[in-house]
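Visitor: What follows is a predicted structure for the sequence shown.
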Amino acid sequence: MKITLSAIKADVGGVGGHTKPSKELVETVKKIVSESKLLLDSYIGYTGDDIHILMSHTRGVNNAEIHKLAFDAFMEATEVAKEQGLYGAGQDMLKTAFSGNVRGLGPGSAEIEFEERPNEAVMLFAADKTEPGAFNVPLYYGFVEVSRSPGLMLSNDMRKGVVFTIMDVANTEADKIIELKTPEEYVDIASLLFNPHRFVIEKIHSRSNSEQIAAVSTSRLHNISGKYSGKDDPIAIVRVQRPFLATEEIGAMFKYAHYVAGDTRGSHNMALMPVVLNSPSSVYYCNPLISGLFFSMHNGKFTAMGDAFDDPVFDEVRRLAATKSFLMREQGFVMPAMLPMEEIEYTILADKLKELDKKFVLRKQD
Ligand code: 13P
Ligand code: MG
Ligand code: MG
């Protein structure tokens, strides 16, 4: 049976700051989604102040009705957030009228359509206080870097390589994408992914059977609003197990606690910390977070689920992330603790720099 998994997420308000949604927000989203007749199944959770809706259905990707269902749920939750006086009520609902699909409206989406395997195994990763390019490192390591991902040697299917679809998210006119193949084009892939603010993995397809393995949300809120409107906290779906990588081969790629853009005011670099499902944001400078869900599917139903990072091994990664973040913050306001100019461009700092620029003088040459 051809099934579509649609993960759609939005920040519609936080408790006492950009921390987590209230119980009532999550319940509102759950109620609206559960009343829908469009879905085979659904799961709702949150990471930091972002609520994600995972839906299975048979209507394909970019389906207007599915996207509208998520959009309406987030709009309804926005009303609750306003009634509760939550912080940043409706933050990601940059456009309030629905038009076709959620792309360009504020919420992020990652979707995959596939013929369900008899033992379909999938992971859902949801991040807070960071940007879509945060997935560049774990997905590159997992699908390209044999020394970190020996499963690439051990699976006949994975040995045939994958196709990366990478988006240039600086282009606001239309989706500007490139397709590059592993193993032969890996240096070109790295040559783009080194800049996660601009080049973002959107999809990964198997070269063995042409199926889509992974999908990442790529929306950049400042491209829609023209100013800093919160971070573009991303979500990703990754299909796992034969003929793809194993669950633990993908999970292991989050052990590096690599530095990502984000945290407080979305203006800094800190280490990505794996956390358990439904964790609030850290009040330590909004350290970037990632949660992981693994689940089995049968006939589109989510039959059983688990928490990927609820594991003593990931306690060690949490410690590593905290140490790396502390060390980065010792750098104070100086780059790379803070983001480069093109990323700061959408914040108030850019206006101040323009004012200061007017006061600069050109020294007369003698
Ligand atoms: P969010 O994008 O998660 O709402 O964070 C915004 C922010 O600026 C926190 O300081
Ligand atoms: Mg927020
Ligand atoms: Mg957020």
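Guide: Now that the structure is in, tell me what you want to look at. Ligands and ions are numbered 1, 2, ... in the order given.

Visitor: List phi and psi for the residue of the stretch 51-200 of the chain found nearest ligand 3.
Guide: Sorted by distance to ligand 3 under C-beta to the ion, the residues of the stretch 51-200 of the chain start with D128, at 4.4 Å. Yep, even glycine has a C-beta here, placed from its N, CA and C like the rest. Dihedral pair for D128: phi -130, psi 150, per degrees, to the nearest 10.

Visitor: now swap in the one 10 residues further on and tell me
Guide: Geometry field for P138 lists phi and psi as phi -60, psi -40, criterion degrees, to the nearest 10.

Visitor: do the one 3 residues further on as well
Guide: According to degrees, to the nearest 10, the main-chain angles of Y141 amount to phi -60, psi -50.

Visitor: Ligand 1 contacts on the stretch 251-366 of the chain?
Guide: T264, R265, G266, C286 (C-beta under 6 Å from any ligand atom).

Visitor: contacting residues around the closest residue to the first one other than its chain neighbours?
Guide: What it means is T264. The shortest distance from T264 to any residue other than its chain neighbours is 4.7 Å, reached at C286 (C-beta to C-beta, 6 or more residues apart in numbering). Residues in contact with C286 (C-beta atoms under 8 Å, 6 or more residues apart in numbering) are H18, G48, D128, K129, G262, D263, T264.

Visitor: the strands in the stretch 51-200 of the chain, which residues?
Guide: 108-115, 121-128, 162-168, 177-181, 199-206 (DSSP state E, counting those that start in this stretch).

Visitor: Just name the most buried of these.
Guide: A comparison of those by mean neighbour count, using mean count of other C-beta atoms under 10 Å, puts strand 121-128 on top with a mean of 25.

Visitor: for ligand 3, what are the nearby residues on this protein?
Guide: Residues of the chain lying close to ligand 3 (C-beta under 5 Å from the ion) are D11, G48, D49, D50, D128, D233.

Visitor: From K176, how far off is the residue nearest to T264?
Guide: 30 Å (C-beta to C-beta, to the nearest Å).

Visitor: Put together TSV for the strands of the stretch 51-200 of the chain, with distance to M75 on each row.
Guide: Converted to TSV, the strands of the stretch 51-200 of the chain look like this (distance: least, C-beta to C-beta, whole Å):
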stretch	distance to M75
strand 108-115	15
strand 121-128	20
strand 162-168	27
strand 177-181	30
strand 199-206	26
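
Visitor: Which among those strands is found nearest to L327?
Guide: When those are compared by C-beta to C-beta, strand 121-128 sits nearest L327, at 21.1 Å.

Visitor: In the stretch 151-300 of the chain, which residue sits closest to ligand 3?
Guide: For the stretch 151-300 of the chain, C-beta to the ion, closest residue to ligand 3: D233, 4.1 Å.

Visitor: check contacts around the one residue in the stretch 51-200 of the chain that gets nearest to ligand 2.
Guide: Residue nearest to ligand 2 within the stretch 51-200 of the chain: G88 (4.3 Å; C-beta to the ion). Applying C-beta under 8 Å, 6+ apart to G88 gives the contacts D11, G13, G14, H18, D49, G230.

Visitor: Could you do A337 as well?
Guide: H268, N269, M328, R329, Q331.

Visitor: Over to stretch 97-110 now: how far is its first residue from its last?
Guide: From its first residue to its last, stretch 97-110 covers 21 Å (C-alpha to C-alpha, to the nearest Å).

Visitor: Could you give the separation of that stretch from the chain centroid?
Guide: Distance of stretch 97-110 from the chain centroid (C-alpha atoms, centre = their mean, to the nearest Å) equals 15 Å.

Visitor: and the residue in the stretch 1-150 of the chain positioned nearest to ligand 2, how far is that from ligand 1?
Guide: As assessed by C-beta to the ion, ligand 2 sits closest to H18 within the stretch 1-150 of the chain, at 3.7 Å. Using C-beta to the nearest ligand atom, to the nearest Å, we find H18 at a distance of 4 Å from ligand 1.

Visitor: Just give me the neighbour total for that residue.
Guide: When counting by other C-beta atoms under 10 Å, one arrives at 26 neighbours for H18.

Visitor: close enough to count as contact, it and D50?
Guide: No: using C-beta atoms under 8 Å, H18 is not in contact with D50; the gap is 9.5 Å.

Visitor: which neighbours do the two share?
Guide: What both H18 and D50 touch, as defined by C-beta under 8 Å, 6+ apart, is the set D11.

Visitor: helix/strand/coil for the residue of the stretch 151-300 of the chain closest to ligand 3?
Guide: Secondary structure for D233, judged by DSSP: H, G, I helix; E, B strand; the rest coil, is coil.

Visitor: Now for it: which residues touch it?
Guide: So, once contact is read as C-beta under 8 Å, 6+ apart, D233 ends up touching 9, 11, 47-48, 50, 108, 126-131, 262.

Visitor: rewinding a little: hey, what's the residue of the stretch 51-200 of the chain closest to ligand 3 bridged with?
Guide: In this entry, D128 is beta-bridged to L289, by DSSP bridges.

Visitor: still on that earlier bit, can you lay out the contacts of A337 as a markdown table showing pLDDT and neighbour count?
Guide: Listed next are these as a markdown table, based on pLDDT from 0 to 100; neighbours: other C-beta atoms under 10 Å:
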| residue | pLDDT | neighbour count |
| --- | --- | --- |
| H268 | 95 | 27 |
| N269 | 97 | 24 |
| M328 | 98 | 19 |
| R329 | 97 | 16 |
| Q331 | 97 | 13 |
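
Visitor: quick one: what helix or strand has V29 in it?
Guide: For V29, the element it lies in under DSSP states H and E is helix 23-35.

Visitor: Pull the residues that contact that helix.
Guide: So helix 23-35 is contacted by 12-13, 39, 42, 44, 46, 51, 53, 55, 69-70, 72-74, 76-77, 80-81, 84, 86 (C-beta under 8 Å, 6+ apart).
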